[in-house]
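**Q** Here's my sequence, what's the structure:
(chains A, B, C and D)
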Number of protein chains: 2
Amino acid sequence: MKVKDMILCLLLDGPLSGYDIKKKYEMTFTDYIDVALNNIYTALIDLDDAGFLECERVDQNSRPNKKLYNLTALGRRTAISALLHVEPRQQITSDFLFIISFASHMPQTRVKQLINQRLNQLSKMLVRQSVRFSSDERTPYEIFVEGMIDAAIKAEIEYLVTRRDDLLESKKGNKTRAFLNKEEILEAATVKGKRLLKQ
Amino acid sequence: MKVKDMILCLLLDGPLSGYDIKKKYEMTFTDYIDVALNNIYTALIDLDDAGFLECERVDQNSRPNKKLYNLTALGRRTAISALLHVEPRQQITSDFLFIISFASHMPQTRVKQLINQRLNQLSKMLVRQSVRFSSDERTPYEIFVEGMIDAAIKAEIEYLVTRRDDLLESKKGNKTRAFLNKEEILEAATVKGKRLLKQ
DNA sequence: CGTTCCATGTAATAAGTTACATGATTAA
DNA sequence: TTAATCATGTAACTTATTACATGGAACG
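**A** Next comes the predicted model:
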């Protein structure tokens, strides 16, 4: 699916500004859709020019003015058509796994760093999860998707925590702790919550 | 990580032809690295021109001739440097999850189709897993990575199979079976094995 | 006799990324 | 007063994708 199709789909549930789309993306889609958002305004303008959207200027007094975009009939048809006919692509590119598979060419410190960084990312994802879980207005479908992500995150953490020692050659007699333990990771995800998200 | 960096890394363990890289990719990296491979030959030529590789022509009698690429000192340094200094990006784009979260705009048949297609993809991934598991010459690091993928695939199948009914509004009194059951999926992954991979 | 495997490339295009650029308001 | 939030855009560039293009050998 192309970014423009996705934008049209996001507008199926009502008009949004570019900024709204950005926020929505950052909060709910970041974990399974990877796009840079700098071009979102350009995309909206293009879609507008092509007749998929109509744009309404909204003047605000204590805020910068904004533009609300809404689907035209054509836009709505296109969005639905994408939902029905696109064959979904699963596009995963995990530098982490790629690099780890070359661990024989790296020093142990790098391996530890990579694991810890990844656990950190997963921890942040859990934070977003908990924020989402605490909101109402979620459709059963969104709940389904969130549950899937939750399961994936937890499976990965579980695997990393139980297996990461396999990556270290010199386990024995190594007094310095290499890794955070599972409790610390999960705690980081709940307690530091908001702070973490802002990093 | 860029494709060219990855190619350099793949060559760390010995010279390969473009075709070798393709094969290696298709067998072991497909599941967590998403790239189109048409440009692999172009990339090799570019890397050669830039002094990262040296190329040896190998004439074969009962096969098309091929070109074996090997790292130069510069190429090796660049590969190692990428492994040590790149900050790994996790790039997931799951059209499946995106589309599913808009299920309220789709007919039930489409939802079923999406779930079944996804289970099919996962099934194929399990086939690749089983082929990989049966090979020797795997470093502990590769085993680690495979284990991770295995865990991820199984977690997703588990989730889909136990929760997919949540997506169907009219569960009651629906006689026609909507989905394959878990045993059928896992069986498809082992029995049909090779045949599936070729689709 | 048809399909898969081995093996390599080119050219045009589309898409997305990075970096640049601005500016008022509000909460800490 | 400093950082974060709200809010929108442009231009140059890099990258990757799609489609095209070929051809012998082996296998079933």
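**Q** Quick one: the strands in chain A, in order.
**A** A:53-58, A:66-71, A:90-94 (DSSP state E).
**Q** Need those in TSV (columns: distance to residue A:42 and mean pLDDT).
**A** C-beta here means a position set from N, CA and C on the backbone, and glycine is covered the same way. As requested, those are exported to TSV (distance: least, C-beta to C-beta, whole Å; pLDDT from 0 to 100):
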stretch	distance to residue A:42	mean pLDDT
strand A:53-58	13	93
strand A:66-71	13	95
strand A:90-94	22	93
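**Q** and of those strands, who's closest to chain B?
**A** strand A:90-94 (4.2 Å; C-beta to the nearest C-beta).
**Q** re earlier: for the strands of chain A, give me a markdown table that also has mean neighbour count and distance to chain B.
**A** Formatted as a markdown table, these follow (neighbours: other C-beta atoms under 10 Å in any protein chain shown; distance: least, C-beta to the nearest C-beta, whole Å):
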| stretch | mean neighbour count | distance to chain B |
| --- | --- | --- |
| strand A:53-58 | 14 | 17 |
| strand A:66-71 | 19 | 12 |
| strand A:90-94 | 20 | 4 |
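**Q** Format those as JSON lines; extra columns: distance to residue B:85.
**A** Listed next are those as JSON lines, based on distance: least, C-beta to C-beta, whole Å:
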{"stretch": "strand A:53-58", "distance to residue B:85": "42"}
{"stretch": "strand A:66-71", "distance to residue B:85": "41"}
{"stretch": "strand A:90-94", "distance to residue B:85": "18"}
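**Q** closest to DNA strand D out of those strands?
**A** strand A:66-71 (3.2 Å; C-beta to the nearest atom of the strand).
**Q** residues in chain A within reach of DNA strand D, list them.
**A** A:17-20, A:22-23, A:38-39, A:41-42, A:44-45, A:60, A:63-67, A:198 (C-beta under 7 Å from any atom of the strand).
**Q** Mind doing that once more with 6 Å?
**A** A:17-19, A:23, A:38-39, A:41-42, A:45, A:60, A:63-64, A:66-67 (C-beta under 6 Å from any atom of the strand).
**Q** for chain A, what spans make up the helices?
**A** A:3-10, A:18-24, A:40-49, A:73-85, A:95-100, A:108-133, A:140-163, A:182-190, A:193-197 (DSSP state H).
**Q** tell me the most buried of these?
**A** Comparing these by mean neighbour count (mean count of other C-beta atoms under 10 Å in any protein chain shown), helix A:95-100 ranks first with a mean of 23.
**Q** is any part of it close to chain B?
**A** Yes - using C-beta under 8 Å from any C-beta of the partner chain, helix A:95-100 reaches chain B at A:95, A:96, A:97, A:98, A:99, A:100.
**Q** Can you give the domain ranges for chain A?
**A** Here the domain parsing of chain A from automatic domain parsing is A:3-85, A:95-197.
**Q** Dump the helices of chain A to TSV, plus distance to DNA strand C.
**A** Output for those, formatted as TSV (distance: least, C-beta to the nearest atom of the strand, whole Å):
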stretch	distance to DNA strand C
helix A:3-10	4
helix A:18-24	10
helix A:40-49	7
helix A:73-85	12
helix A:95-100	12
helix A:108-133	16
helix A:140-163	20
helix A:182-190	20
helix A:193-197	11
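**Q** would you turn the ones you listed into a markdown table with mean pLDDT?
**A** As requested, the helices of chain A are exported to a markdown table (pLDDT from 0 to 100):
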| stretch | mean pLDDT |
| --- | --- |
| helix A:3-10 | 95 |
| helix A:18-24 | 94 |
| helix A:40-49 | 93 |
| helix A:73-85 | 95 |
| helix A:95-100 | 96 |
| helix A:108-133 | 91 |
| helix A:140-163 | 96 |
| helix A:182-190 | 66 |
| helix A:193-197 | 48 |
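**Q** Which among the ones you listed is found nearest to residue B:5?
**A** helix A:95-100 (9.4 Å; C-beta to C-beta).
**Q** What is the closest one packed up against?
**A** Packing partners of helix A:95-100 (3 or more C-beta pairs under 8 Å, 6 or more residues apart in numbering or on different chains; DSSP states H and E): helix A:108-133, helix B:3-10, strand B:90-94, helix B:140-163.
**Q** I'd like those as CSV, with distance to residue A:82 appended.
**A** Supplementary listing: those in CSV, determined by distance: least, C-beta to C-beta, whole Å:
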stretch, distance to residue A:82
helix A:108-133, 24
helix B:3-10, 28
strand B:90-94, 15
helix B:140-163, 22
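**Q** Can you say which of these is nearest to residue A:34?
**A** Nearest of those (C-beta to C-beta): strand B:90-94, 4.3 Å.
**Q** how about the closest one against chain A, any contact?
**A** Yes - applying C-beta under 8 Å from any C-beta, one finds strand B:90-94 in contact with chain A at B:90, B:91, B:92, B:93, B:94.
**Q** Beta-bridge partners for the second one, please?
**A** I take that to be residue B:91. With DSSP bridges as the criterion, residue B:91 is bridged to residue A:93.
**Q** Export the residues of strand B:90-94 next to chain A as JSON lines, with columns for distance to residue A:181.
**A** Shown next, in JSON lines, are the residues of strand B:90-94 next to chain A (distance: C-beta to C-beta, whole Å):
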{"residue": "B:90", "distance to residue A:181": "22"}
{"residue": "B:91", "distance to residue A:181": "28"}
{"residue": "B:92", "distance to residue A:181": "26"}
{"residue": "B:93", "distance to residue A:181": "32"}
{"residue": "B:94", "distance to residue A:181": "30"}
